[in-house]
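>>> take this sequence and fold it.
(one chain, ligands or ions: 1)
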Amino acid sequence: MGRKLIGNKTVDQWKKEFPVLRMASDLEQVFWINPRYKKDAGLSGWGVSPADMDDASDRLTRFAPFIAKAFSETAKDGGIIESPLRKIPKMLDFIKKESKVKIGGKLFLKCDSQLPISGSIKARGGIYEVLAHAEKLALEKGMLKETDSYDILLEDRFRDYFGTRELAVGSTGNLGLSIGIMGARLGFKTTVHMSADARQWKKDLLRSKGVAVVEYQADYSKAVEEGRKLAGPNCHFVDDENSKTLFLGYSVAALRLKKQLDEQGIPVDPDHPLFVYLPCGVGGGPGGVAYGIKRVFGAAAHCFFAEPTHAPCMLLGLVTGLQDKVSVGDFGIDNKTCADGLAVGRPSSFVGTVMDTLLSGECTVSDEQMYYLVYRLAELEDLWLEPSATAGFMGPTDLYGSKNGQAWLREQFGKSAGPGQATHLVWATGGGMVPPAEMQKYYRKGKDLAE
Ligand SMILES: *Cc1c(COP(=O)(O)O)cnc(C)c1O
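Numbers count the residues shown, from 1 in each chain. I've put the predicted structure just below:
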């Protein structure tokens, strides 16, 4: 490992230049401030723009009548797939007491674990990409007009047509669930290429819906690579590493969040900043949401990514600037984590490039810490998340309790105590579909660690 060049440097040279890389290779929990963050960074370029985000939002509105009928649990919200925003004061008190860190402001949870249809953040981007593809095909075929009520997509003639077309995706599990469930509902021939870490219950669930599941003994990157190779000309391959469609589907979350904050009377402005903590795998989900948040709230919002200590791929890509030209394996990190969706060894270079000036920082979290947080959150707030979805909880203590966090607060807000009126928002990315027996195992592991 020592002599191999990563970019133009050896691993030892990288670690010497950036001590955070040495800590990350030692599997320490780190907190990193992005030196390239720009207050007024532009939002156009890279093939995405604010207008594209509005377009995605409009598309989801067009599909609402279809979604409301196809998935009855969404009918009460008129076919809009959205999750609650919840204040979690007991968890905040607990975190402050245990860490002895003075965190300013209030703590909220964005409960994407409760998103209808697939119970994770993938119900945003993944489902959106399937819908966008179906719309494009139906429009091209002259079967659909944008002014139609899209519930006609449930008619047999659409199912018959989509049945002649294929969809495929490579996944660690949750993206596969979203693509598979929506793809099958529309009638597409759908194949999910699952990495070795994918849970059995996810494969079983997909097969029960008529989705073909191909299993690999290798990690996520390999499953994607094989899936991409096998996709023929008749097949739409959902490319998690590069898809702008997925990214835009995720970004719409910020428009919805703005509405929820307004409804709850929570201001976001320079005196009331919004800090958002997002678990990151390949980057599309948190990247899309962060992009949307910067578009909606500008410099008043700060986004931080959270990754497992065993799979900090985005951190490596951003710190070295090498994006997808570096993998966790290059730094001797094993990419083995309990955090579903986050076991990714190589980040999306598209997302890393967009985030380069938009992201405020990153933290890494151990598996033990995630289990422990699952347990505490269930006990204190009766909220049930999968381990990966708790990764963002380290953000506030890292920010207010670390030397570099305090220095950053001083630089941004003029005082290391931070702004008095901050809103901290942990993005709870999944857990809603986890079978109760599996959830109990997560809970028990966390409880054992607490005792
Ligand atoms: C996929 C996923 C993420 C991260 O999304 P990426 O687009 O892979 O970065 C976070 N949490 C959960 C539960 C996920 O399934």
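>>> now the helices for the stretch 301-450 of the chain?
313-320, 349-355, 367-381, 394-401, 403-413, 436-450 (DSSP state H, counting those that start in this stretch).
>>> state the distance from residue 60 to residue 112.
From residue 60 over to residue 112 the distance is 15 Å, taken as CB to CB, to the nearest Å. For every residue, glycine as well, the C-beta is placed using N, CA and C.
>>> which of the two has more neighbours?
residue 112 (28 against 22; other CB atoms under 10 Å).
>>> where does the residue nearest to residue 64 when sequence neighbours are not counted land in three-state SS?
Nearest residue to residue 64 in three dimensions, chain neighbours excluded: residue 79, at 3.4 Å (CB to CB, 6 or more residues apart in numbering). Following DSSP: H, G, I helix; E, B strand; the rest coil, we place residue 79 in the coil state.
>>> so residue 79 touches residue 66, yeah?
Yes: shown here, residue 79 and residue 66 form a contact pair, counting by CB atoms under 8 Å, at 6.9 Å.
>>> how's the protein carved up into domains?
5-47+76-117+245-450, 121-243 (automatic domain parsing).
>>> buried residues in stretch 443-451?
443, 445, 446, 447 (16 or more other CB atoms under 10 Å).
>>> now do stretch 346-357
Neighbour-count burial for stretch 346-357 [16+ other CB under 10 Å]: 346, 347, 348, 349, 350, 351, 352, 353, 354, 355, 356.
>>> so where's the longest helix in this structure?
For the chain, the longest helix by residue count, based on DSSP state H, is helix 50-70.
>>> now that helix: mean pLDDT?
Taken as a whole, helix 50-70 carries a mean pLDDT of 98.
>>> what packs against that helix?
Counting contacts by 3 or more CB pairs under 8 Å, 6 or more residues apart in numbering; DSSP states H and E, helix 50-70 is packed against helix 122-140, helix 244-251, helix 284-297.
>>> for the ones you listed, give me JSON lines that also has distance to residue 339.
JSON lines is the format used below for the helices and strands packed on helix 50-70 (distance: least, CB to CB, whole Å):
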{"stretch": "helix 122-140", "distance to residue 339": "14"}
{"stretch": "helix 244-251", "distance to residue 339": "18"}
{"stretch": "helix 284-297", "distance to residue 339": "13"}
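>>> next secondary structure element downstream of the least confident helix or strand in the chain by mean pLDDT?
Every helix and strand of the chain was ranked by mean pLDDT, DSSP states H and E. The lowest is helix 220-230, at a mean of 91. Next in sequence after helix 220-230, counting helices and strands by DSSP states H and E, comes strand 235-238.
>>> on contacts alone, who are the packing partners of that next one?
Using 3+ CB pairs under 8 Å, 6+ apart: strand 235-238 touches helix 122-140, strand 166-171.
>>> torsion angles phi and psi at the closest residue in space to residue 17 that isn't next to it in sequence?
Once flanking residues are discounted, residue 17 sits nearest to residue 9: 7.4 Å by CB to CB, 6+ apart. Main-chain torsions, residue 9, degrees, to the nearest 10: phi -130, psi 160.
>>> beta-bridge partners for residue 9, please?
residue 6 (DSSP bridges).
>>> distance of it relative to residue 16?
9 Å.
>>> so residue 192, which of the three states?
Assignment for residue 192 (three-state DSSP): strand.
>>> next, the contact list for it, please.
168, 169, 170, 171, 176, 179, 180, 206, 211, 212, 213, 214 (CB atoms under 8 Å, 6 or more residues apart in numbering).
>>> which non-adjacent residue is nearest it?
Nearest to residue 192 is residue 176, by CB to CB, 6+ apart, at 3.8 Å.
>>> what of residue 102?
residue 400 (6.2 Å).
>>> and the one you found, how many neighbours?
22.
>>> cool, the one 3 residues further on as well?
Burial measure for residue 403: 9 neighbouring residues, criterion other CB under 10 Å.
>>> next up, the contacts around the closest residue to the ligand within the stretch 101-250 of the chain.
Nearest residue of the stretch 101-250 of the chain to the ligand: residue 174, at 3.3 Å (CB to the nearest ligand atom). By CB under 8 Å, 6+ apart, the contact list for residue 174 reads 118, 120, 121, 122, 126, 202, 340, 341, 430.
>>> can you rerun that using 7 Å?
By CB atoms under 7 Å, 6 or more residues apart in numbering, residue 174 lies in contact with 120, 122, 340, 341, 430.
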